[in-house]
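[1] Coordinates for the following, if possible.
(chains A and B)
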There are 2 protein chains.
Amino acid sequence: MNIEKTYEKFERLMKRINNLESIEGKLEWDKFTYIPPKGAEILAKQTGLIQGIRHEILTSNEMSKYLEELESNYDEMNQTQKANFREMKRTYERNVKVPKDLIEELSEAKSRGYSIWVKAKESSDFSVFEPQLKKFVELQIKYADYIDSEKNPYLVLIEENEPGVGTLDKLIGNFENLKRSTIPLIKSIQDSNVDINRNLYKKSYSKKKQMKFSRYISEKIGYDYNRGRIDESIHPFTVGFGPSDVRITTFFSEKNPLKSIFSTIHESGHGIYNQGLPEKYLFENIGSYRSLGFHESQSRFYENNIGRSKEFWEFFFPQAKKIFPSQLREYSVDDFYKVVNEVKPGLIRIDADELTYNFHIILRTEIENDLINGRIEVSDLPKIWNDNMERYLGIEPKKDSDGVLQDVHWSCMEMGYFPTYTIGNILASQIQAKMKKSIKNIDEKIRNGEFNCIKDWLNKNIHEKGCLYNTQYLVKKVTGSDLDTSHHIKYLTKKFSELYCL
Amino acid sequence: MNIEKTYEKFERLMKRINNLESIEGKLEWDKFTYIPPKGAEILAKQTGLIQGIRHEILTSNEMSKYLEELESNYDEMNQTQKANFREMKRTYERNVKVPKDLIEELSEAKSRGYSIWVKAKESSDFSVFEPQLKKFVELQIKYADYIDSEKNPYLVLIEENEPGVGTLDKLIGNFENLKRSTIPLIKSIQDSNVDINRNLYKKSYSKKKQMKFSRYISEKIGYDYNRGRIDESIHPFTVGFGPSDVRITTFFSEKNPLKSIFSTIHESGHGIYNQGLPEKYLFENIGSYRSLGFHESQSRFYENNIGRSKEFWEFFFPQAKKIFPSQLREYSVDDFYKVVNEVKPGLIRIDADELTYNFHIILRTEIENDLINGRIEVSDLPKIWNDNMERYLGIEPKKDSDGVLQDVHWSCMEMGYFPTYTIGNILASQIQAKMKKSIKNIDEKIRNGEFNCIKDWLNKNIHEKGCLYNTQYLVKKVTGSDLDTSHHIKYLTKKFSELYCL
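    Okay, here's the model as predicted:
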């Protein structure tokens, strides 16, 4: 059988589906940037329609027929076609295996969840959110069972964002490793006595100048403003409609310029990934990013491994001083390097430093895993949360809004999302280790502001591959091994031991 | 037969079609405001898909079936349902009556047209665009013939934008009247000797301050920033996704603040119309604006009848002086009123004053009418254009780029669009005449900055009606008569006779 004709028809549907997703992305960008105060309802209806049409095409009889035909003639496809088939099949199955009434129940619960969570958080009262969260856990377990009843249900949820992440045991093992090795490091830092100059937080920084500096850094490290733009939003994000239109946002704190600087570097990392995806596969599945963990590895790599390095600031600090002369007058590059790397265990994940951040994620991952596997009860969450915060970081929330209620994720039933953040951190350090071997004198290059070699390396080894390979294979191809915390542990230990003279 | 079920299904398709159109509008807004330099190709693909899906639904067998069923049970529908049916039927027919290969030929020619026109305009060489325009005229004649072979083909094209405009003879008669009555007025003005202070064009105006003043005026006259926003674009425009998200743009000339001021007032007029459409009919045909002429009547009414009136500036001039103290120091409100109303016959339509603007439109309408009815040849256009400019305005273009090649419209096959501008002018004066009878002391109110009564009147009599009535009926209902130039002629004659002491 000649499958070319079938593949052509399949390709047409696939491109429609991904084009619709990119339109949805544009609506989302609008939602968080320039929408007028009362525009939300229209936008919700526009988004709803696009999602509806996308879902209709994805779950259509045609799609089912083409996938079947391609599957039974699998060997006739070339590598690109096979990858597109593989990715679409997975998405298709995730959408058709779940009965319609469960999907409706899920989306109804989701749409209620956010406003209930907002109320609970405002009054810092977990009991307001508790019944909702209980319902969510039940629904998520049911959902996972429909997708794959043979797998651990929590793994099924993680795979929504991180397909091919490997076994749950291995992932949890990696997280355990990280925990075991870095808890003592945090304790030593807390006992140490290094002087950090925090005076920069006492000054004021105009939005305009912060934006100027943000643009300068992001452009210098390789984010392309001919194929992108930067705007302000309350929560920074990146959205790509295709490699030649990728948009990032940042946010400004008048008293803390580090917020906009590191948000911008983080989102630029995401943006550089999206801009580096293969243009020729626009709206094909193979043209998409590999996984959320991979995406996060790019943003974290730029934000932390590169953006919080000494070399980086040796290059950028003089420029920072030019833009903020009075505010940074008393700072040397060494002082600045210290203050941007200050380790300070805190209650709030999004304010966490590079080292303690992982504990916020590990704590959430453990809770999600235990919840979905029925080992703990929703009603016990505040206590479990607080106990573990005490255990990992030595601090305990005084109220649920600083604890179990702090994140938006569970309010919209995102379970299995948090792990991707730490997967990103682990992967970033693996990538860095590999890159150091391939790019000679990389520290020297960063010190001289030569960032192209880094972008080119990432483009060639990760970005241009899109979804050609599955996640595990790409991790191995890029880094030489499976997901492995040892590089991240080594990186953190070396960096913070030096910084805190341990 | 119970048609409720059919109507429900029809309604679902209708809402999808209009929702898709609103999404297309958002993509268009993006295209002219914030798109990155290289984002055009992705955007074209997004727009193409939305248009494609919209066209599929509009011309589907389901739609055909529902329209048929509703038609044969017409009397069972209520007034709203009848209006939705009427409007959708018209759009449906415009889309299905034309064979597919002609539609493809049209869209192919269109996509080629723009770049050829740009080349022709840049080299000011009509012969470059001539073959293309010839082809356009042929295609447009064919197209009109498929839509309605019994009607004058030019009327068919006008009705694309102005459904139910009445007969072509009547429209042309109105334009003739206007021409006859105002040519002598222009001549008298040219012979008059009134002193106009043009020094304001010698100063500089910052973009920021122009934007501030623009926002101030637009908000004051009733444009709602909770349901809208203003941005900058090269060509100002308005786009509404629904009454609660309507966006306007303006543009800035460093040396001429009147550009941004009157663009903003003009677009605010459009915006106020869109914001005033019936919210409860979101995404129904009845919830849409009546016609382009009606839309233009609202923008022109605010821009000219209100925005260039003495009373208007008696209120706003003190504020203008506050924002631009040094630039307007030597101006009194009388001087300012004169300079914003200066009549100066010129070659370029978009720079024309209120009085001579209509001649630019009448000239184009006459040419289009003669072309589509085969009375003149495309090759004769430059000569005809130049002769008529001389005849109407006493000036002759030295080059085609200032004459027949100046407008973008013909490059994308928009024929039958120009008349809507002058229809808007005529209608605006009819509306003003009627409004003066209903709102007591309206001049006094404007002088005091009370603009709500005007907006409320327009809301109630025009905006809230949406597409409930056909165009002719709405004109009559609002103004008490058919489209009739006498009010516009009276308005122009009185205003400019006084201004130029004739």
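[2] Run through who's touching the lowest-mean-pLDDT helix or strand in chain A.
    Of all the helices and strands that make up chain A, the one with the lowest confidence by mean pLDDT, DSSP states H and E is helix A:100-122; it has a mean of 89. Taking contacts as CB atoms under 8 Å, 6 or more residues apart in numbering or on different chains, the residues outside helix A:100-122 that touch it are A:98, A:126-129, A:132, A:135-136, A:139, A:142-143, A:146, A:400-401, A:405-406, A:408, A:410-413. Quick note: C-beta positions are derived from backbone N, CA and C, even for glycine.
[3] Narrow these to just the buried residues.
    A:98, A:126, A:128-129, A:132, A:135-136, A:139, A:142-143, A:400-401, A:405-406, A:410-411, A:413 (16 or more other CB atoms under 10 Å in any protein chain shown).
[4] Any stretches of the stretch 351-500 of chain A with poor pLDDT?
    Low-confidence segments of the stretch 351-500 of chain A, defined by pLDDT under 70, are absent.
[5] Do you have the helices of it handy? List them.
    Counting by DSSP state H, counting those that start in this stretch, the stretch 351-500 of chain A has these helices, from start to end: A:354-372, A:381-393, A:419-438, A:442-447, A:452-461, A:471-479, A:486-499.
[6] likewise the stretch 1-150 of chain A?
    Taking DSSP H, counting those that start in this stretch, the helices of the stretch 1-150 of chain A run over residues A:4-32, A:40-58, A:61-72, A:79-96, A:100-122, A:126-147.
[7] Compare the ones you listed and give me the one nearest residue B:473.
    helix A:40-58 (28.9 Å; CB to CB).
[8] Which strands and helices lie in contact with that closest one?
    Using 3 or more CB pairs under 8 Å, 6 or more residues apart in numbering or on different chains; DSSP states H and E, the elements in contact with helix A:40-58 are helix A:4-32, helix A:79-96, helix B:4-32, strand B:238-242.
[9] at 7 Å instead, please
    Packed against helix A:40-58 by the contact rule (3 or more CB pairs under 7 Å, 6 or more residues apart in numbering or on different chains; DSSP states H and E) you find helix A:4-32, helix A:79-96, helix B:4-32.
[10] And that helix, how far out from the chain middle?
    Centroid displacement of helix A:40-58 relative to its chain, using CA atoms, centre = their mean, to the nearest Å, is 24 Å.
[11] and if you look at stretch A:479-495?
    In terms of CA atoms, centre = their mean, the gap separating the centre of stretch A:479-495 from the centre of its chain is 19 Å.
[12] Stretch A:235-249 too?
    With CA atoms, centre = their mean, you get 13 Å for stretch A:235-249.
[13] same deal with stretch A:53-71?
    29 Å.
[14] that's a helix at residue A:254, yeah?
    No. Assignment of residue A:254 by DSSP: H, G, I helix; E, B strand; the rest coil gives coil, placing it outside any helix.
[15] Let me know the distance separating it from chain B.
    Distance, residue A:254 to chain B, using CB to the nearest CB, to the nearest Å: 20 Å.
[16] Kindly export the least confident helix or strand of chain A (C-alpha atoms) in PDB.
    This file holds the C-alpha atoms of helix A:100-122, laid out as PDB (Å, rounded to 0.1, in the frame of the first residue of the first chain):
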ATOM      1  CA  LYS A 100     -16.600  12.400  27.300                       C
ATOM      2  CA  ASP A 101     -18.400  12.700  30.600                       C
ATOM      3  CA  LEU A 102     -15.200  12.500  32.600                       C
ATOM      4  CA  ILE A 103     -13.600  15.200  30.300                       C
ATOM      5  CA  GLU A 104     -16.600  17.400  31.000                       C
ATOM      6  CA  GLU A 105     -16.500  16.700  34.700                       C
ATOM      7  CA  LEU A 106     -12.800  17.600  34.600                       C
ATOM      8  CA  SER A 107     -13.200  20.800  32.700                       C
ATOM      9  CA  GLU A 108     -16.100  21.800  34.900                       C
ATOM     10  CA  ALA A 109     -14.200  21.200  38.100                       C
ATOM     11  CA  LYS A 110     -11.200  23.000  36.700                       C
ATOM     12  CA  SER A 111     -13.200  26.100  35.800                       C
ATOM     13  CA  ARG A 112     -14.600  26.200  39.400                       C
ATOM     14  CA  GLY A 113     -11.300  25.400  41.000                       C
ATOM     15  CA  TYR A 114      -9.500  28.700  40.400                       C
ATOM     16  CA  SER A 115     -12.000  31.000  42.000                       C
ATOM     17  CA  ILE A 116     -12.400  28.700  45.100                       C
ATOM     18  CA  TRP A 117      -8.600  28.600  45.500                       C
ATOM     19  CA  VAL A 118      -8.400  32.400  45.300                       C
ATOM     20  CA  LYS A 119     -11.000  32.700  48.100                       C
ATOM     21  CA  ALA A 120      -9.200  30.000  50.200                       C
ATOM     22  CA  LYS A 121      -5.800  31.700  49.700                       C
ATOM     23  CA  GLU A 122      -7.200  35.200  50.500                       C
END
